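Structure for this input, please:
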Amino acid sequence: MVLVQLALAAVLSSQGAAPGLAAPDDSTVAARPWHTAERWRRTVAREPAPTRDVLVAGARAQLAARRFEHTRSLLAAQPWLPGDADALGVIGEAEFALGMHRSAADRFAAARRLTVGAQAALFAVREAVAREATGSREDAVAAWRVARLSGLTAIDDWLRLREARLTDDTAAARALLRTLGPGPAREAGIVWAAVLLGAGDSAAAQRAYAQLGRRREAIGIALGRGDSVAARTMLYGDAALGFRGDMAEVVPELAPLLPPRTASDFVVLARALRLEDAASQAVAAVRQALARGDSTGPTLLLSGDLLADAGHLWSAERAYRAAVADSAVAPLATYRRARVLARLGDAGAARALAGFADTHPGDSAAPSALYFLAAHLAERGDRAADRWYAELIRRYPDARVASLARFRLAEAMQRRGRLDSAAVLYRDEVQRAAAQERAAHFALGRLALARGDSADARVTWTALAARDSLDYYGLRARMAAGLPPPSIGAEADAPAPPGVVTALGRLDTLRLAGLDSEVVAEVRALVAGPPGDRAALLALSRGLTERGFGAAGVRLGWIAFARAPADPGALRAVFPWPHRDALAAEAREFGVDPLLFAALVRQESVFATEAESRAGARGLGQLLPSTAAEVARRLAVSFEPEWLVLPDLNLHLAAAHLAHLMDRFDGRIDAAIAAYNAGATPVRRWLSRPGMDDPDEFVELIPYRETRGYLRAVQRNRWLYAALYPEAVE
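Next comes the predicted model:
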């Protein structure tokens with residue numbers, strides 16, 4: 001599918017490929033495939049008799065936008081198709097995506113015969129992948145050999161790896177697997193296991209997969225050999241020792257083939273289902289374990305956890321109460337029972353939490369119990385929270401939650417006008433250099449201002465800005481003190497070193513060939529072995545970010561930043577802005593500040609175009625399909641969930657969503673950002689509390705730790721983007 005995204009022209013210079021790879025439309029190069037597809041759809045519709053060029057360009061645009069049926073309909077009936085390599089490649093990609101693998105393979109083969117050099121080699125790769133998908137091993141091996149002999153030297157080791165995987169001759173496979181680069185070498189063990197299996201040595205293949213941690217394959221082979229005992233041991237026995245790799249997915253997937261029998265089997269299944277966020281199924285599994293006589297403390301504790309996850313709080317309370325009888329888990333069960341009682345609003349919750357801290361003062365959860373008690377009371381507006389915050393600080397002054405307690409208690413004192421008491425707490429936090437030190441330092445400036453001492457406030461904030469110039473609080477202090485934004489110098493415009501050009505060219509060739517899993521493996525290898533030279537490190541970071549691998553690019557940027565924190569190039573690598581024009585255009589269309597939007601995208605996806613969260617949020621703006629569909633309906637935009645990885649459509653919907661939230665919160669940027677992360681309903685609830693009109697107060701009093709950090713990060717990003725990219729400031 002990536003064949004049509006031919007903007008990656010570095011492949012031509014990096015390996016001497018022959019000319020002839022057609023360039024895509026400029027807007028596709030600018031990462032706007034959705035807009036391009038819409039424009040070409042209108043163009044084709046307006047033409048009474050569209051020419052070959054119009055049809056192929058339109059089909060290419062539709063393909064880039066993942067509209068595969070439309071792509072195929074534009075080309076399938078054209079009389080000139082059999083003799084047009086470009087069109088054959090485009091329709092082949094569409095048919096491959098639609099599951100028409102045999103037809104796609106034939107299209108690629110025909111296109112290969114019409115071309116020469118690098119283009120023919122790329123079509124051979126696509127043919128080989130399609131032949132593999134049809135299950136025709138011999139035809140696929142032949143196609144891989146054609147590809148290897150056609151001149152794609154930059155990725156020859158990857159092609160050898162793919163051919164070896166389909167080879168039954170172990171000697172031939174060994175020869176193909178010699179002298180692999182770092183990326184392919186990481187995959188060689190898996191390929192060798194597949195070779196052993198193909199050669200009929202299933203026992204050796206099973207051992208090889210097991211040693212590689214590929215339990216799914218190893219268990220599948222054991223079942224195929226009729227060795228259900230070994231399969232069951234690998235699935236339930238080894239998993240009981242700890243979930244490694246993909247075992248949390250493997251256990252629920254293979255359980256229907258190897259149903260759990262014993263109580264311990266059901267415990268393993270319950271733990272795996274919990275990790276897969278399948279709360280109700282996990283509860284059912286642990287009940288089976290209990291029904292089979294496993295009433296041990298750890299299983300009762302797990303039962304309580306699962307019931308609490310599923311919202312069955314009274315049942316969870318009973319399970320925790322039963323677990324207390326086992327001395328090995330009694331403290332933890334007592335603590336978790338007390339927290340459940342608090343969630344239930346039970347009058348005995350405070351006594352239970354305080355009692356736990358009194359009974360188990362040395363337990364690591366004791367400080368958390370006191371903090372949870374205080375926070376629970378504070379949430380209800382009960383001033384008794386102050387007493388428990390103070391008690392936590394007294395008993396456990398160095399605990400992490402004591403830092404939070406100092407800050408929360410100081411804020412409460414400040415709201416009640418007890419400024420001296422608040423100052424003592426903030427100073428204690430600063431002097432201890434505890435977790436909330438910078439927040440407390442900034443708060444001391446606010447206290448000075450509340451007393452009417454603006455000079456002292458400015459001195460306090462200036463000192464913080466000088467010490468932490470790029471941190472959220474350092475940047476906020478700079479603004480509060482009236483200091484100018486940080487000045488970050490420009491970078492020298494230097495060409496990428498030859499080694500980086502070669503590495504990125506190799507990556508581009510893999511992308512052009514549509515070898516997506518190999519692309520991911522190559523990126524991992526590049527990040528695992530970063531260059532030592534500064535120029536090479538930054539050039540590789542930029543190159544990866546520009547190609548949609550923002551997380552990898554930023555990771556390399558952090559390495560450069562750790563080596564030279566004052567380097568402007570390293571800072572821009574950590575806070576990049578790829579495809580700036582496309583992002584800015586989407587932001588401006590909906591009246592959103594482009595700097596703010598870039599800051600939000602940086603926090604959501606680190607500019608990784610195909611990023612996906614555990615919750616299912618996807619793309620640059622990390623939109624849930626349900627949210628994206630709702631926004632698309634408001635905009636009257638066609639939408640399919642698989643389109644969320646289209647960068648410009650994702651940005652279009654994300655910018656519209658952010659603008660909608662800003663409207664809902666009367667232009668309050670901080671509230672809109674918080675709602676982007678946590679949803680509008682809790683933000684409405686938070687804003688109803690006293691003091692939330694103050695933006696500084698709002699960010700500190702958000703009860704969700706993740707959302708507090710998210711809001712600070714996005715605001716910091718926005719301030720840094722303004723300093724790093726001053727030309728974008730309107």
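
ok, and what's touching the helix or strand hosting Gly709?
Here Gly709, judged by DSSP states H and E, is contained in helix 705-724. The contact list for helix 705-724 (CB atoms under 8 Å, 6 or more residues apart in numbering) reads 470-472, 475-476, 479, 485-488, 568, 571-572, 575, 577, 593, 595-596, 598-600, 602-603, 670, 673-674, 677-678, 699-700, 702, 728-729. (Glycine included, C-beta is placed from N, CA and C.)

any weak-confidence spans in this protein?
The chain contains residues with pLDDT under 70 at 1-31, 239-243, 245, 730.

how is it carved up into domains?
Annotated domains of the chain cover 2-151, 397-488, 498-574, 580-728 [automatic domain parsing].

thinking again about what came up before, among the contacts of helix 705-724, which are located in helices?
Within the contacts of helix 705-724, residues falling in helices by DSSP state H are 472, 475-476, 479, 568, 571-572, 595-596, 598-600, 602-603, 670, 673-674, 677-678, 699-700.

Can I get the buried part of those as one ChimeraX selection?
Buried members of the ones in helices among the contacts of helix 705-724, defined by 16 or more other CB atoms under 10 Å, are picked up in ChimeraX with:
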select :472,475,476,568,571,572,595,596,598,599,600,602,603,670,673,674,677,678,699,700
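
coming back round to it: just the buried positions in the helix holding Gly709, please.
Result for helix 705-724 [16+ other CB under 10 Å]: buried residues 707-708, 710-724.

Give me the angle between that helix and helix 669-678.
130 degrees (axes from the mean of the first three to the mean of the last three CA atoms, to 10 degrees).

mind checking how far helix 705-724 is from the chain centre?
Taking CA atoms, centre = their mean, to the nearest Å, one finds helix 705-724 lying 18 Å from the centre of the chain it belongs to.

now stretch 205-217
Worked out by CA atoms, centre = their mean, stretch 205-217 lies 27 Å from the chain centre.

Compute the first-to-last residue distance for it.
Start-to-end span of stretch 205-217 (CA to CA, to the nearest Å) is 9 Å.

Which residues does it contact?
In contact with stretch 205-217 (CB under 8 Å, 6+ apart) are residues 189-190, 192-194, 196-197, 218, 221-222, 225, 230, 234-235, 238, 244-247, 250, 253-254.

Counting neighbours, which of those end up buried?
By 16+ other CB under 10 Å, these give 190, 192-194, 196-197, 218, 221-222, 230, 234-235, 238, 247, 250, 254 as buried.

Nearest to Gly452 among those residues?
Closest to Gly452 out of those is Met247 (61.8 Å), distances taken as CB to CB.

ok, and the closest non-adjacent residue to Arg476?
Phe442 (6.3 Å; CB to CB, 6 or more residues apart in numbering).

ok so, going back, just checking, which of the contacts of stretch 205-217 belong to helices?
189-190, 192-194, 196-197, 218, 221-222, 230, 247, 250, 253-254.

And Arg207, how far from Trp461?
64 Å (CB to CB, to the nearest Å).

of these two, who's got more company?
The residue with more neighbours, out of Arg207 and Trp461 and counting by other CB atoms under 10 Å, is Trp461; that gives 27 against 15.

Quick check on the more buried one: phi, psi?
Phi and psi for Trp461, reported as degrees, to the nearest 10, are phi -70, psi -40.

Test my guess that Gly569 contacts Glu491.
Yes - proximity of Gly569 to Glu491 meets the contact threshold set by CB atoms under 8 Å, at 4.6 Å.

That concludes my questions; thank you for your assistance.
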